[in-house]
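S.K.: got a structure for you, letters missing:
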């Protein structure tokens, strides 16, 4: 059973940085590709892909809007995936979710992910 808990969100000024963490309390974390998605205010039905990483960490993928600013990484020994966010912009304001997919691939579609955390709020002020 995968149980994901995000942390690290908060309020930051534009240009600042935050690091999100997502910990899995289960024992199969290394079997899952992991992804970060976000849901902006007023877009209740849409979870936007942000970044993903394969189960071993060898491959990553990013949305164009965050490429060069965000970095996804994972520590399988700690059952944790991270999202380092630099040069934050007001348009990055959203509820950020981590998600897990039981696959060797690198999915970027929310529908490919079976397990989801509750989300952590990131607010970037201008």
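M.R.: On my side now, so go ahead. What you see is a predicted model, and the numbers here were worked out from it, not measured in a lab. Numbers count the residues shown, from 1 in each chain.
S.K.: CA only for contacts and neighbour counts going forward, please
M.R.: Fine.
S.K.: tell me the phi and psi of the residue nearest the centre of the chain?
M.R.: Nearest to the mean C-alpha position of the chain, by CA atoms, centre = their mean, lies residue 36 at 2.2 Å. Dihedral pair for residue 36: phi -120, psi 140, per degrees, to the nearest 10.
S.K.: Which helix or which strand is home to the residue nearest to it when sequence neighbours are not counted?
M.R.: Nearest residue to residue 36, sequence neighbours excluded (CA to CA, 6 or more residues apart in numbering): residue 98, at 4.5 Å. Element membership for residue 98, per DSSP states H and E: strand 94-101.
S.K.: Spit out the contact partners of residue 8.
M.R.: The contact partners of residue 8, by CA atoms under 8 Å, 6 or more residues apart in numbering, come to 18-21, 120.
S.K.: ok, so of those, who is nearest residue 103?
M.R.: Taking CA to CA as the measure, residue 103 lies nearest residue 21 of the contacts of residue 8, at 20.9 Å.
S.K.: was I right about that closest one contacting residue 81?
M.R.: Yes: using CA atoms under 8 Å, residue 21 makes contact with residue 81 at a distance of 5.8 Å.
S.K.: who has more neighbours, the two?
M.R.: More crowded of residue 21 and residue 81, by other CA atoms under 10 Å: residue 81, with 27 against 21.
S.K.: mind listing what's buried in the helix or strand harbouring the more buried one?
M.R.: Secondary structure from DSSP H and E places residue 81 in strand 80-85. Within strand 80-85, the residues scored as buried using 16 or more other CA atoms under 10 Å are 80-83, 85.
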